[in-house]
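> Below: sequence and its predicted model.
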Amino acid sequence: MTETRRGNRSKSYKLTNDFGESRAKRSSKFMEIRRLKREDLYLRKRNFEYFNGDSSQIMQNKLMTKSGASQELSCLLAGNLTISQILCSICGTATPPNNVNMCPNCLCLKIPITSDLPSRVSIVHCPDCVTYLQPPSTWLRAERDSKELLSFCLKTLKKLAEFRLIDAKFLLTEPRSRRRMIKLRVKVQREVLDRVYVEKSHDIEYVVVHQRCPSCCMALPLPANPDHWEAVVQARQYVPHMRTFLYLEDLIKKHSAANSAVRLKRVNQGLDFFFAKKRDAVKFFEFMCSVVPVKSQTFHKTAFTRFSMAAVISPICHDDLIYISPKLLSSKLGQIGPLVICTKVKNTITLLNPFTLVDCVIDGDQYWRAPFEPILSSKQLIEYIVLDVVMIVSAEVDNNSKRNTLADVEIARVSDFGKNDRIISVRTHLGHLLKTGDHALGYDLDGANFNNAEAEENRGLFPSAVLIKKKFSDDDNWQEKKTLKKACSKKKTNNNNDSEYEQFLRDLEDDPGKRFNISLDTSVEDECSHKVESTATGADAVPFSQLEDVFADLDLSDGCITDAE
């Protein structure tokens with residue numbers, strides 16, 4: 001019993017000791033709080049004496065420091081008393097201690113906080129209605145040096161949201177300057193380290209670009225403003241010549257297809273047609289699809305404000321030599337390949353096998369589903385002389401064609417005369433045109449470089465040459481050539497490559513079908529027809545291909561003859 005009582009007494013002593021310790025801690029904490037309050041009251045009195053009762057300076061002093069000791073330090077600084085300072089790590093100037101150990105001047109120099117802000121900005125201004133463009137399509141009215149203009153200029157600075165804006169004002173600019181500029185000075189503040197702020201001023205130049213708004217453009221009299229357009233048709237053809245565009249230019253003039261265009265721009269390998277309305281651009285694009293094989297692709301900019309239609313014209317041109325892969329395209333085109341020539345290009349492409357007289361017609365959609373490119377173009381034609389012609393009569397060959405006749409000919413290059421005696425035997429579709437002593441243009445396949453890997457592999461299966469067309473002498477049909485040059489002289493513009501234009505005129509001479517499509521003067525057409533009739537008595541005065549193109553589809557069977565009586 002006595003032991004248990006002693007044990008209970010010891011426990012009660014421990015409880016009283018713990019209670020005493022906790023009470024002592026609370027009392028010491030209370031005394032510390034009272035001491036801090038007295039120090040705070042004392043420091044407030046000293047602040048009042050140093051700053052002569054300036055309450056704003058006291059509040060600023062409290063914001064810059066945390067404890068009472070730092071408050072006392074700031075009061076001593078305000079009273080010009082000697083305190084402990086540190087040296088700046090850059091320039092060595094005595095400065096109050098901070099987190100970066102640098103003075104304020106070095107802090108501004110070493111940390112360029114305004115590097116993200118631009119120094120020059122372009123803004124669009126309408127001089128008629130005094131409005132500014134706020135992208136994408138909003139026009140705001142603002143007078144010069146107004147609050148609205150200041151707000152608009154600040155909204156154009158996207159990086160300004162990362163700063164604390166302190167001040168913004170306009171600088172004096174000359175309003176009558178030819179290059180109108182608006183200068184703005186902003187004062188910003190940014191936190192570079194923990195509780196370390198850097199403040200700096202930055203000047204921004206706003207270059208004013210004058211452009212009429214859509215409402216002012218609509219009010220302008222015709223012709224329309226070339227800078228205001230809604231859609232553009234970009235016509236492109238990736239070939240080394242411009243004959244297709246010369247022919248397309250005549251078609252556009254004849255049909256007046258581009259009368260609604262506000263601007264025409266010549267670019268590399270094509271033309272750009274700008275239209276004020278999208279419907280006019282669509283109408284012009286449909287016209288191009290009706291005359292040439294075109295691949296279309298439509299683009300538009302942000303907010304559907306402008307449209308761009310890319311009209312890529314097929315690179316296949318007249319008299320081009322084409323290699324058609326037997327695995328991919330020959331089966332789809334009726335086993336016409338592999339070597340074919342292009343005989344006509346309109347909204348469809350006509351291909352002919354010069355060794356079998358098999359031809360086919362490809363429309364634009366069929367071509368762009370499986371496109372192909374020529375391996376040789378008309379710029380690589382070589383002149384040959386015909387030594388012998390032997391007509392081919394076979395049941396397998398269709399000799400009823402009025403346009404082409406198959407024949408075996410022996411030819412030699414004109415440039416080889418006097419150098420070697422090389423004679424080339426080839427089969428051609430020009431048997432109805434060629435005779436001994438004539439000159440013809442063709443491709444030399446032995447020395448040509450193909451831009452097709454499969455064609456290079458099968459080079460051994462190709463003939464040595466492929467004849468394309470007969471070359472007429474300069475004396476043949478000279479009156480018609482003179483008439484064509486006179487008719488086309490008005491259309492000729494300043495072209496750097498005159499040889500392309502001369503080749504375009506030769507194509508018109510060889511293909512009368514093109515001549516009916518372009519717009520010639522009426523007087524010139526009458527003169528041309530009169531001279532052709534007067535010179536048609538000679539055997540070689542007019543190329544045979546012109547008469548064949550006219551009478552190719554003529555049918556004089558008994559079923560087609562009617563009683564005129």
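Received, thanks. Residues are numbered from 1 along each chain as shown.
> what's the closest non-adjacent residue to Gly270?
Distances taken as C-beta to C-beta, 6 or more residues apart in numbering place Arg236 nearest to Gly270, at 3.8 Å, with adjacent residues excluded. No exception for glycine: its C-beta is placed from N, CA and C like everyone else's.
> residues touching that neighbour, list them.
Applying C-beta atoms under 8 Å, 6 or more residues apart in numbering, one finds that Arg236 lies in contact with Gln269, Gly270, Ala310, Ala311, Val312, Ile313.
> Test of understanding: give the bridge partners of it.
On the basis of DSSP bridges, Arg236 is bridged to Gly270, Val312.
> can you list contacts of stretch 205-216?
For stretch 205-216, the external contacting residues (C-beta under 8 Å, 6+ apart) are 119-129, 131, 133, 139, 153, 156, 179-184, 220, 225, 227-228.
> List the contacts of the residue nearest to Leu87 when sequence neighbours are not counted.
When the adjacent residues along the chain are set aside, Leu87 lies closest to Ala94, with 6.2 Å between them (C-beta to C-beta, 6+ apart). When contacts are counted by C-beta under 8 Å, 6+ apart, Ala94 touches Gln85, Ile86, Leu87, Cys88.
> Between these, which sits nearest Ile166?
For those, the residue nearest Ile166 by C-beta to C-beta is Cys88; the value is 24.3 Å.
> how near is the nearest residue to the closest one once chain neighbours are set aside to Lys200?
Spatial nearest neighbour of Cys88, excluding adjacent residues (C-beta to C-beta, 6+ apart): Cys103 at 4.2 Å. Separation of Cys103 from Lys200 (C-beta to C-beta, to the nearest Å): 15 Å.
> Need the CA coordinates for stretch 443-451. CSV is fine.
Below are the C-alpha coordinates for stretch 443-451, written out as CSV (Å, rounded to 0.1, in the frame of the first residue of the first chain):
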residue,chain,number,x,y,z
TYR,A,443,14.6,14.3,-130.9
ASP,A,444,18.0,12.5,-130.8
LEU,A,445,17.4,9.8,-128.1
ASP,A,446,21.0,8.5,-128.2
GLY,A,447,22.6,11.6,-126.8
ALA,A,448,19.6,12.9,-124.7
ASN,A,449,19.5,13.0,-120.9
PHE,A,450,16.2,11.8,-119.5
ASN,A,451,14.7,13.1,-116.3
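> Show me what it is in contact with.
321, 323, 373, 375-376, 380-382, 413, 456, 459, 462-466, 468.
> Buried among those residues? Need that as a selection in ChimeraX.
Those of the contacts of stretch 443-451 that count as buried under 16 or more other C-beta atoms under 10 Å are selected in ChimeraX with:
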select :321,323,375,376,381,382,413,462,463,465,466,468
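> quick one on the thing from earlier: just the buried subset of the contacts of Ala94, please.
Buried subset of the contacts of Ala94 (neighbour count, 16+ other C-beta under 10 Å): Cys88.
> The contacts of Ala94 in strands, which ones?
When the contacts of Ala94 are checked against strands using DSSP state E, the ones located there are Ile86, Leu87.
> can you tell me which residues contact the nearest residue to Val294 once chain neighbours are set aside?
Nearest-residue entry for Val294: Ala311, 4.9 Å, with adjacent residues in sequence omitted and distances by C-beta to C-beta, 6+ apart. Each residue near Ala311 by C-beta under 8 Å, 6+ apart is listed here: Val233, Gln234, Ala235, Arg236, Phe285, Met288, Cys289, Val294, Lys295, Ser296.
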